[in-house]
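S.K.: Predicted model and sequence below, questions to follow.
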Amino acid sequence: MKCDEIRESIAEYHDRELDAERAERVRAHLAGCPACAGELRDLEGLETALRAVPVRADDVRWDGYVARLRDRITASRASAWKAFIPLAAAALLVWGFTRVFTVENGGSLVDRYAVADASGRERIEREAARLGQDGVTALVTVLIADPVPARQRIAARLLGSRMNEDPVRRLLVERSREVARQDAAEVVLVDIGFEPGDDELVAPALEMARSERLFPDALRILKRLDRGTLNRSGHGEIVRRLRELLASDLPREREVGFRIARELEILLEDIVEFLDVPALAPQAREFLRRRTGRDFGTDKAAWRAWFARKS
Amino acid sequence: MDAELVVRFQKGEETAFEDLVHHHMRDAYGFCLRLTGDPSGAEELSQDGFVLAYRHLKEFRGESSFRTWLYRILLNLYRDRIRRRSREEARIDVLKRGDERPHPARPAAPGAGQEAVELEEIIRRRVAELPDRQREVLVLHVYQGLDYRAIAEAIGCSYDDVKVNLSLARRRLREELKEHLS
């Protein structure tokens, strides 16, 4: 192996991240290459210096730590009732909308859809395409706030054909803000895997991103979904759909995909493809340079070769 | 051990959570301190993390270790706080706190001279100045001892992101600490 390939792997070798075969190849090279061995020594020196910095734990009153925590848990149980009030209000709101919806449509579309056969579903989708403001509001509320993931998914599907309509997008943003406000204390939980159906929200958010005006809101939602669950369903869906956008024949689609990928800092390798698009090349190059610490200019082949070596 | 305590808690044994706290409180506090640079803020952050863990442990699905899950909660709480203040303001806070601690803020470790204490302060500051993602990855790896995969789970990013950010953090620190490490 050549020195530059070895240097790519020295950190992983040091961190015991390489499989046995690659580790052995690096070890063999280091034994005969003083320059690369010096690189490893530098890394070890830095690591030793960093590890030598102690944590200042002497300021903590450890003896009372658990007792203080116990008090806070007790207090949080009490405040759970307070938190319940806005949630109850939200539930009432959902119920209210559902009632309106039920009266208007002779039955909740969402619930009917759940038990309908294929032709029944097509009929309900056509109904959803003709819904008035109240009906759409009800669907958006279910999509954002319903506690049952399956209902959220159905609402997303029924709203799918109407995402291009400005009033629908506005409602979606307003409702998500409203829910975010209600859940302010719990917002962090959304990020640790307790929000079901993340992947169902990706498509509506990407639709919103096509509008310049709604782009910041869409990005906020996508960031939240991207950093979402431990099982990374939101992230996986974003990656899949962004790849579709980036591969599109339509320049506008590709541009939207690029902007989102850049903002979310994912899909590094796909960004290489924009190095020969004059309007995007400087941003693409700067993005790649910043994220990888390398700079192969606008040489797509060199970037591709580097990514291939890395993988 | 943790997995067993989690199951016991999920079956209704409240004291199992206290055992989990005992196992992880110093580690969690240390992690929060490396993130915030502020002892009282670190205690509050670590306690908030445990409160959230307590409230949602019944829903914990065991897709990662309890420790990684706890780190994830702490990181999200920390990011949430940073978001509330502006990022720049927070960074300045960390730096100011560094300035407010004249060397030596605490007695040097036995055998360590003034120079070593000063170097510690310089390293603390350089780590605090790293971009957020690089600092998170570095702290989880160097100080909390997580491997790349566990870091990716805790932060919510890809394995490659961990590699790239760790490499950038090390490169920057090597450059900035060059004269002190030689």
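M.R.: On my side now, so go ahead.

S.K.: need the contact list for A:Met163.
M.R.: Applying C-beta atoms under 8 Å, 6 or more residues apart in numbering or on different chains, we find A:Met163 in contact with A:Arg169, A:Ala203, A:Pro204, A:Glu207, A:Met208. In short, each C-beta sits where N, CA and C put it, glycine included.

S.K.: in chain B, which ranges drop under the pLDDT threshold?
M.R.: B:83-113, B:182 (pLDDT under 70).

S.K.: residue nearest the centroid of the chain?
M.R.: Since no chain was named, I'll use chain A. Centroid check for chain A by C-alpha atoms, centre = their mean gives A:Asp226 as the closest residue, at 0.6 Å.

S.K.: you looked at the wrong chain, it should be chain B
M.R.: Chain B, centroid-nearest residue using C-alpha atoms, centre = their mean: B:Phe31 at 2.7 Å.

S.K.: Backbone dihedrals for the spatially closest residue to that residue that is not a sequence neighbour, please?
M.R.: Leaving aside its sequence neighbours, B:Phe31 sits nearest to B:Gln144 (C-beta to C-beta, 6 or more residues apart in numbering or on different chains; 5.6 Å). Dihedral angles of B:Gln144 (phi, psi; degrees, to the nearest 10) stand at phi -100, psi -10.

S.K.: Hmm, the residue nearest to the centre of chain B is touching B:Leu74, no?
M.R.: Yes. Shown here, B:Phe31 and B:Leu74 form a contact pair, counting by C-beta atoms under 8 Å, at 6.2 Å.

S.K.: so what pLDDT did the residue nearest to the centre of chain A get?
M.R.: We have a pLDDT of 73 for A:Asp226.

S.K.: show me the contacts for it.
M.R.: If you count contacts by C-beta under 8 Å, 6+ apart, A:Asp226 has them with A:Gly234, A:His235, A:Ile238, A:Leu264, A:Ile266, B:Gly156.

S.K.: Helix or strand next in line after whichever strand or helix holds the residue nearest to the centre of chain B, which one?
M.R.: Using DSSP states H and E, B:Phe31 maps to helix B:15-36. Downstream of helix B:15-36, the next assigned helix or strand under DSSP H and E is helix B:39-56.

S.K.: Next SSE downstream of that following helix?
M.R.: helix B:66-84.

S.K.: Name the residues of that next one that are buried.
M.R.: By neighbour count on 16 or more other C-beta atoms under 10 Å in any protein chain shown, the buried set for helix B:66-84 is B:66-79, B:81-82.

S.K.: quick one: which of those residues is nearest chain A?
M.R.: Nearest to chain A among the buried residues of helix B:66-84, counting by C-beta to the nearest C-beta, is B:Asn76 at 4.4 Å.

S.K.: follow-up on the earlier one: tell me, what's touching B:Phe31 and B:Leu74 both at once?
M.R.: B:Ser46.

S.K.: could you list every residue that touches A:Arg262?
M.R.: Contact analysis of A:Arg262 by C-beta under 8 Å, 6+ apart lists A:Ile271, A:Gln283, A:Ala284, A:Phe287.

S.K.: Okay, buried residues for the helix or strand hosting A:Ala114 please.
M.R.: A:Ala114 belongs to helix A:109-115 when assigned by DSSP H and E. Neighbour counts using 16+ other C-beta under 10 Å place A:Leu109, A:Val110, A:Arg112, A:Tyr113 of helix A:109-115 among the buried residues.

S.K.: Outside of that helix itself, list whatever touches it.
M.R.: Counting by C-beta under 8 Å, 6+ apart, A:101, A:120-121, A:124, A:127-128, A:131, A:135, A:139, A:142, A:150-151, A:154-155, A:157-158 sit against helix A:109-115.

S.K.: Let me see the backbone angles for B:Val142.
M.R.: phi -70, psi -40.

S.K.: ditto for the one 10 residues further on
M.R.: Summarising the backbone geometry of B:Ala152 under the convention degrees, to the nearest 10, its torsions are phi -60, psi -40.

S.K.: Does it touch B:Ser158 like I think?
M.R.: Yes. Using C-beta under 8 Å, B:Ala152 makes contact with B:Ser158 at a distance of 6.0 Å.

S.K.: neighbour count winner among these two?
M.R.: Each of B:Ala152 and B:Ser158 has its neighbours counted (other C-beta atoms under 10 Å in any protein chain shown); B:Ala152 has more, 21 against 16.

S.K.: Could you list the low-confidence segments of the stretch 1-150 of chain A?
M.R.: Residue ranges of the stretch 1-150 of chain A with pLDDT under 70: A:1, A:56-60, A:76-107, A:145-150.

S.K.: where along it do the strands fall?
M.R.: Using DSSP state E, counting those that start in this stretch, no strands are found in the stretch 1-150 of chain A.

S.K.: which residues in it form helices?
M.R.: All helices of the stretch 1-150 of chain A, identified by DSSP state H, counting those that start in this stretch, fall at A:3-14, A:20-32, A:34-51, A:65-105, A:109-115, A:118-129, A:133-145, A:149-159.

S.K.: So which residues make contact with the first one?
M.R.: By C-beta under 8 Å, 6+ apart, the surrounding residues in contact with helix A:3-14 are A:18, A:22-23, A:26-27, A:29-30, A:33, A:35-36, A:39-40, A:43-44, A:47, A:309-310, B:163, B:166-167, B:170.

S.K.: If any of those are buried, put those into a PyMOL selection.
M.R.: Applying 16+ other C-beta under 10 Å to those, the buried members can be selected in PyMOL as follows:
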select buried, (chain A and resi 18+26+29+30+36+39+40+43+47) or (chain B and resi 163+166+167+170)
